[in-house]
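Asker: Turn this into a model:
(one chain, ligands or ions: 2)
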Amino acid sequence: MNILAIETSCDETSAAVVRDDLSILSNVVLSQDEIHAPFGGVVPELASRQHLRAIVPVVRESLAAASGVPLEKMDYFAVTQGPGLIGSLLVGLCFAKGLAHYHRKPVLGIDHVQAHIESARLEKPGLEFPALALVVSGGHTSLFVLRKKLAYRLLGKTRDDAAGECLDKIAKFLELGYPGGPVIQKHGAAGDPARFAFGLPRMSDRSFDFSFSGLKTAALRVIRAENISADGPGLADFLASFENAVVRALMANFRKAAEKVRPKSAILCGGVARNKRLRAEFEKTAEAKGLDFAVPSPKLCTDNAAMVGALAWTVVKSRKRIPSTLDLDAYPRSPR
Ligand code: KG4
Ligand code: ZN
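Answerer: Ligands and ions are numbered 1, 2, ... in the order given. Sure thing, here's the model as predicted:
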């Protein structure tokens, strides 16, 4: 079985070929970072135009990299259906539907956030359930529990900014570049994470929701009070302290949820899961709790089509029949 997977939900155009044994034959990702960098964030109109330009070459390159498996040899097409930027989603969705129609094969609409979670299983397929998954990216910050395969139950999500968005906004304010997470990690690497104290957000109810807008406001206050700038003193300490605060906020909620859910395994995924400090804290926590855990290798954390193929593979393997319908609409926000 061969699956051609396509991902265009935000600012990466990606195509992957995934085979029967869940091996990734190719996973081509064309980032638009350079296009959006001057604006300090993704410009939706530019993103969809760039997807239009890139989709054909990216799919071609993905087929070539998969030792030339031709389109005729695909058994399924899979594509991100949502959530994401509507214009960006539509490019991948229409393209995949066109291919499926022409080749008379089913097309599967895949949820982007669930695909991030499934990316962890590409490298570690045998994780036990219940699994507690922390998804942290530029658009999402959520906790899910899976009591069995494909049963994603949302435990909590951000009420305002996503963690990656918060990092991106502070980097933009300091004119450090885009995306913010990697530049904050780089410039803060030698800094003292205890130099500036940030309080953690507290939810007044007993939910597992996140909130990052307060942290962002506190960071802006410190920047002004301490005269932090891109080339001034104190930058490394400030960035290390701020990054540390974001990681602490994520991990505090994860620990609280783990106490309640008592999972057997833990998953960390999404673009922010590339962050070294977060990876180290997550692994330390999972080990201390005796949990088996999976954190995808960095290239599988940021948006990519292999994760879409991985989820499609799991769906195909667990259903008797995949209906051959072209009746898929893009959804910009998660249905719940
Ligand atoms: O998953 P992703 O590629 O796209 C979304 O679905 O949003 O995540 C992109 C986010 C950006 O906010 C970026 O700043 C963040 O991931 N990111 C990082 C790192 N690399 C990427 N954040 C912290 N540390 C990193 N090393
Ligand atoms: Zn993503």
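
Asker: ok, I184 to ligand 1 distance?
Answerer: 7 Å (C-beta to the nearest ligand atom, to the nearest Å). (Glycine included, C-beta is placed from N, CA and C.)

Asker: who touches the closest residue to D20 other than its chain neighbours in this structure?
Answerer: The shortest distance from D20 to any non-neighbouring residue, by C-beta to C-beta, 6 or more residues apart in numbering, is to M1 (4.2 Å). Residues near M1 by C-beta atoms under 8 Å, 6 or more residues apart in numbering: R19, D20, D75, Y76, W313, V316.

Asker: Narrow those residues to those that are buried.
Answerer: Y76, W313, V316 (16 or more other C-beta atoms under 10 Å).

Asker: Let's verify the nearest residue to the first one once chain neighbours are set aside: helix, strand, or coil?
Answerer: Looking back up the chat, that one is Y76. Leaving aside its sequence neighbours, Y76 sits nearest to I3 (C-beta to C-beta, 6+ apart; 4.7 Å). The three-state label given to I3 by DSSP: H, G, I helix; E, B strand; the rest coil is strand.

Asker: again, but for K148
Answerer: coil.

Asker: Against ligand 2, how distant is it?
Answerer: To ligand 2, K148 is 24 Å away according to C-beta to the ion, to the nearest Å.

Asker: so that residue makes contact with A131?
Answerer: No - the criterion here is C-beta atoms under 8 Å, and K148 misses it with A131 at 9.4 Å.

Asker: Who has more neighbours out of these two?
Answerer: A direct count of neighbours by other C-beta atoms under 10 Å for K148 and A131 places A131 higher, at 27 against 9.

Asker: list the contacts for I322?
Answerer: Counted by C-beta under 8 Å, 6+ apart, I322 has contacts Y76, P106, L108, V315, V316.

Asker: could you redo the last one with a cut-off of 7 Å?
Answerer: Applying C-beta atoms under 7 Å, 6 or more residues apart in numbering to I322 gives the contacts Y76, P106, L108, V316.

Asker: Over to N244?
Answerer: Applying C-beta under 7 Å, 6+ apart, the residues contacting N244 are P193, R277.

Asker: and it, what pLDDT?
Answerer: Predicted confidence (pLDDT) for N244: 98.

Asker: I'd like to know how far it sits from G188.
Answerer: Using C-beta to C-beta, to the nearest Å, N244 is found at 8 Å from G188.

Asker: before we move on, what about T141?
Answerer: 20 Å.

Asker: Could you point out the longest helix of this structure?
Answerer: helix 235-261 (DSSP state H).

Asker: what comes up buried for that helix?
Answerer: Buried residues in helix 235-261 (16+ other C-beta under 10 Å): 235-251, 253-254, 256-258, 261.

Asker: can you pull out the helices in the stretch 1-150 of the chain?
Answerer: 33-36, 44-65, 86-103, 112-123 (DSSP state H, counting those that start in this stretch).

Asker: so which of those helices is the most packed in?
Answerer: Among the helices of the stretch 1-150 of the chain, ranked by average contacts under mean count of other C-beta atoms under 10 Å, first place goes to helix 112-123 (a mean of 25).

Asker: Before I go, just wanted to say thanks for your time.
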